[in-house]
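Sequence first, then the predicted structure, then my questions.
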Amino acid sequence: MILSQRKVIIFGLDAAPPELVFDKWLDYLPNIKHLVSNGISGKLESTIPAITCPAWASMVTSINPGKLGIYGFRNRINYDYEGLHFADSNTVKEETIWNILARHGKRPIIIGVPLTYPLKPVHNGLMISCFLTPDKNHQYTWPDGLKHEVERVSDGYILDVKDFRGVEKEQVLHTIYEMTKKRFKLTRHFIQNEDWDFLMMVEMGTDRIQHAFWRFFDNRHPEYLPGNKYENVIFDYYKYVDDEIGQTLALLDDDTLVLIVSDHGAMLMEGGICINEWLINNGYLKLVHYPDEVTQISKHLIDWNKTMVWGEGGYYGRLFFNVKGREPRGIIPKQNYEFLRNELITALEDQRDKKGRKINTRGFKPEDIYTECRNIPPDLIVYYGDLAWRSIGSVGHKTLWANENDTGADDANHSQHGIFVMSGDNGYHAERRDGLQIMDVTPTVLDRMGIDIPWQMEGKVIQ
Ligand SMILES: [Zn+2]
């Protein structure tokens with residue numbers, strides 16, 4: 001294969017759903033529509049779980065979450081009861097697309113790709129770290145000295161919107177626009193002032209605005225009010241992002257390969273299901289005492305000698321088993337482990353809503369969905385209502401059903417499919433592709449840049 005001189009740019013729009021970008025609003029997004037009309041596009045199936053971490057990491061390594069050993073934002077690091085620990089760039093041991101490109105003498109520029117904090121050296125390239133960066137007092141540019149230029153060009157770079165689930169809607173909205181404006185301005189600055197072969201930027205605003213404002217535009221949401229002042233907030237923001245993309249595309253050579261991708265989609269959230277309340281009601285979990293008010297689950301609250309299973313909250317649910325010889329005070333004999341997992345999957349998948357209707361919950365055994373399970377996988381992964389409901393980990397609700405989540409009001413949950421658009425290849429005209437997987441992105445880009453695809457990659461080249 002001949003090393004191509006062609007440049008590649010990837011615009012990552014976190015959580016951009018195909019139902020909005022392709023089906024509902026494409027005619028109002030002229031720049032994205034132009035790319036779709038002159039390229040390949042389709043729904044991009046995310047990882048299980050369909051969560052920012054691990055999804056972007058799977059995209060940039062073409063390795064599944066089990067083999068990466070990343071099962072969510074937070075992961076178990078020991079078989080004890082100490083709770084979960086945040087994943088970060090140190091958890092990603094596999095080679096990323098920018099490492100591979102740098103190895104081939106290419107110059108990558110990486111802006112805001114999740115799981116790039118703490119920063120690792122980017123040989124031959126530049127990097128701005130992701131939303132996991134605690135604040136700008138921590139190193140967020142590679143090289144470190146680059147931050148002066150970043151601050152000057154962006155007039156105060158914004159890593160993420162803090163408290164996007166908060167009640168200060170005007171403030172959240174303002175900050176989302178500021179953040180996005182600065183990130184695109186910086187992207188264009190690099191395009192014009194740096195030599196580069198590969199540029200990947202991820203905008204978090206799309207995810208943040210959906211979590212904060214979904215109830216105002218989706219008339220199926222129980223709190224939707226027709227004609228409310230935030231009704232068009234998400235739509236207007238997508239038009240704004242499309243315009244920023246358009247301004248950026250105007251700076252590129254005609255033969256630059258352009259991709260727009262998202263790590264997962266978004267959908268209406270029906271509400272929350274209190275995973276630990278359900279375990280208590282069904283005899284799997286015993287508390288030392290049931291709290292009078294809503295309380296985070298913790299090791300001190302659980303009667304470990306009588307507890308078989310406990311759960312974690314999040315956009316999806318996770319169950320952990322208290323196994324004899326594995327957990328410090330485990331009670332499930334190893335020979336009963338599979339029986340119990342099957343019993344729980346059956347019970348969870350049969351769970352009904354308040355009206356007695358099945359909600360289509362799915363339970364996954366990690367070894368069934370991953371080729372390998374590094375680090376400590378959950379014993380079961382649960383998609384409540386196929387992600388229409390989120391998992392609530394706290395206890396004291398005195399009900400299984402909760403409308404607010406543990407960390408503040410939230411209107412949208414993640415969905416399994418994001419978007420894929422690739423334009424710049426000769427001869428494509430509005431071609432839709434089915435069955436695209438998030439792990440296909442990196443092999444496809446390497447292929448188009450004339451670089452051999454490393455053997456460990458699991459995705460296929462999109463043709
Ligand atoms: Zn995401």
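That came through, no problem. Keep in mind it's a predicted model, so treat the numbers as computed, not measured.

count of residues packed around the closest residue to the ion within the stretch 1-150 of the chain?
Nearest residue of the stretch 1-150 of the chain to the ion (Cβ to the ion) works out as residue 52 at 3.2 Å. For glycine as for every other residue, the C-beta is placed from the backbone atoms N, C-alpha and C. By other Cβ atoms under 10 Å, the residues close to residue 52 number 25.

what's stretch 300-308 in contact with?
Residues outside stretch 300-308 that contact it (Cβ atoms under 8 Å, 6 or more residues apart in numbering): 81, 284-289, 291, 295, 310, 321-322, 327-329, 331-332, 340, 395.

mind running it again at 7 Å?
81, 284-288, 295, 310, 321-322, 329, 331-332, 340 (Cβ atoms under 7 Å, 6 or more residues apart in numbering).

Could you export those as a markdown table, including pLDDT, distance to residue 113 and secondary structure?
Compiled in a markdown table, the contacts of stretch 300-308 are given as follows (pLDDT from 0 to 100; distance: Cβ to Cβ, whole Å; DSSP: H, G, I helix; E, B strand; the rest coil):
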| residue | pLDDT | distance to residue 113 | secondary structure |
| --- | --- | --- | --- |
| 81 | 95 | 33 | coil |
| 284 | 98 | 38 | coil |
| 285 | 98 | 38 | coil |
| 286 | 98 | 43 | coil |
| 287 | 98 | 40 | strand |
| 288 | 97 | 43 | coil |
| 295 | 94 | 36 | strand |
| 310 | 98 | 33 | strand |
| 321 | 98 | 34 | strand |
| 322 | 98 | 37 | coil |
| 329 | 97 | 40 | coil |
| 331 | 98 | 42 | coil |
| 332 | 98 | 39 | strand |
| 340 | 98 | 39 | helix |
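
Among those, name the buried ones.
Buried residues within the contacts of stretch 300-308, counting neighbours by 16 or more other Cβ atoms under 10 Å: 81, 284-287, 310, 321-322, 332, 340.

hang on, the earlier thing: going by distance to the ion, which of the contacts of stretch 300-308 wins?
residue 310 (26.0 Å).

can you list the domain ranges for this structure.
Domain assignment of the chain by automatic domain parsing yields the ranges 8-267+414-448, 271-409.

can you tell me the residue of the stretch 151-300 of the chain closest to the ion?
Closest point on the stretch 151-300 of the chain to the ion, by Cβ to the ion, is residue 263, at 4.3 Å.

Let me know the helix or strand that that residue is in.
Assigned by DSSP states H and E, residue 263 belongs to neither a helix nor a strand.

That one touches residue 46, doesn't it?
Yes - with contact defined as Cβ atoms under 7 Å, residue 263 counts as touching residue 46 (6.2 Å).

Between the two, tell me which one has more neighbours.
Set side by side, residue 263 and residue 46 show more neighbours around residue 263, with 30 against 27, by other Cβ under 10 Å.

Against residue 68, how distant is the spatially closest residue to that one that is not a sequence neighbour?
Excluding the flanking residues, the one nearest residue 263 by Cβ to Cβ, 6 or more residues apart in numbering is residue 55, at 3.8 Å. Per Cβ to Cβ, to the nearest Å, residue 55 is found 11 Å from residue 68.

Can you name the element that comes right after the helix or strand of the chain with the lowest mean pLDDT?
Within the chain, no helix or strand scores below strand 401-402, which has a mean of 86 by mean pLDDT, DSSP states H and E. Next helix or strand after strand 401-402 toward the C-terminus (DSSP H and E): strand 412-415.

Now do that next one, average pLDDT.
If you average the pLDDT over strand 412-415, you get 92.

Also stretch 450-459?
Stretch 450-459 comes out with an average pLDDT of 96.

ok, now stretch 418-432?
In the prediction, stretch 418-432 has an average pLDDT of 87.

Now find how far off-centre it is within its chain.
Distance of stretch 418-432 from the chain centroid (Cα atoms, centre = their mean, to the nearest Å) equals 23 Å.

what's the closest residue in space to residue 155 that isn't next to it in sequence in contact with, if anything?
Leaving aside its sequence neighbours, residue 155 sits nearest to residue 182 (Cβ to Cβ, 6+ apart; 7.0 Å). By Cβ under 7 Å, 6+ apart, the residues touching residue 182 are 154-155, 157-158.

Point me to the helix or strand that includes residue 182.
Counting by DSSP H and E, residue 182 is found in helix 169-193.

Tell me which residues of that helix come out buried.
For helix 169-193, a neighbour-count test (16+ other Cβ under 10 Å) marks 172-173, 175-188, 190-191 as buried.

quick one: the residue of the stretch 351-463 of the chain found nearest the ion from residue 265, how far?
At 6.8 Å from the ion, residue 414 is the closest residue in the stretch 351-463 of the chain, using Cβ to the ion. Going from residue 414 to residue 265 by Cβ to Cβ gives 7 Å.

any residues in contact with both of the two?
residue 15.

Which is the succeeding secondary structure element to the helix or strand where residue 267 lies?
In this structure, residue 267 is located in strand 265-268 according to DSSP H and E. On the C-terminal side of strand 265-268, the closest following helix or strand by DSSP H and E is strand 271-274.

Contacts for the helix or strand just after that next one, please.
Scanning forward in sequence from strand 271-274 by DSSP H and E, the next helix or strand is helix 275-281. Outside helix 275-281, the residues that touch it by Cβ under 7 Å, 6+ apart are 285, 287, 297, 309-311, 313, 317, 391-393, 395, 397, 399-400.

likewise stretch 429-444?
36-38, 40-47, 55, 58-62, 64, 97, 261, 263, 420, 453, 457-462.

now do 8 Å
10, 36-47, 55, 58-64, 97, 259, 261, 263, 418, 420, 422, 453, 457-462.

okay, that stretch in PDB with CA atoms only?
Taking Å, rounded to 0.1, in the frame of the first residue of the first chain, the C-alpha atoms of stretch 429-444 are listed here in PDB:
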ATOM      1  CA  HIS A 429     -23.100  10.000  -4.000                       C
ATOM      2  CA  ALA A 430     -25.500  10.000  -1.000                       C
ATOM      3  CA  GLU A 431     -24.700   6.300  -0.300                       C
ATOM      4  CA  ARG A 432     -26.300   4.900   2.800                       C
ATOM      5  CA  ARG A 433     -24.600   2.000   4.600                       C
ATOM      6  CA  ASP A 434     -26.100  -0.400   7.100                       C
ATOM      7  CA  GLY A 435     -24.300  -2.300   9.800                       C
ATOM      8  CA  LEU A 436     -21.600   0.200  10.500                       C
ATOM      9  CA  GLN A 437     -19.800  -0.300  13.800                       C
ATOM     10  CA  ILE A 438     -17.900   2.300  15.900                       C
ATOM     11  CA  MET A 439     -14.700   0.100  15.700                       C
ATOM     12  CA  ASP A 440     -14.800   0.500  11.900                       C
ATOM     13  CA  VAL A 441     -13.800   4.200  12.000                       C
ATOM     14  CA  THR A 442     -10.000   3.800  12.600                       C
ATOM     15  CA  PRO A 443      -9.400   1.000  10.100                       C
ATOM     16  CA  THR A 444     -11.300   3.000   7.500                       C
END
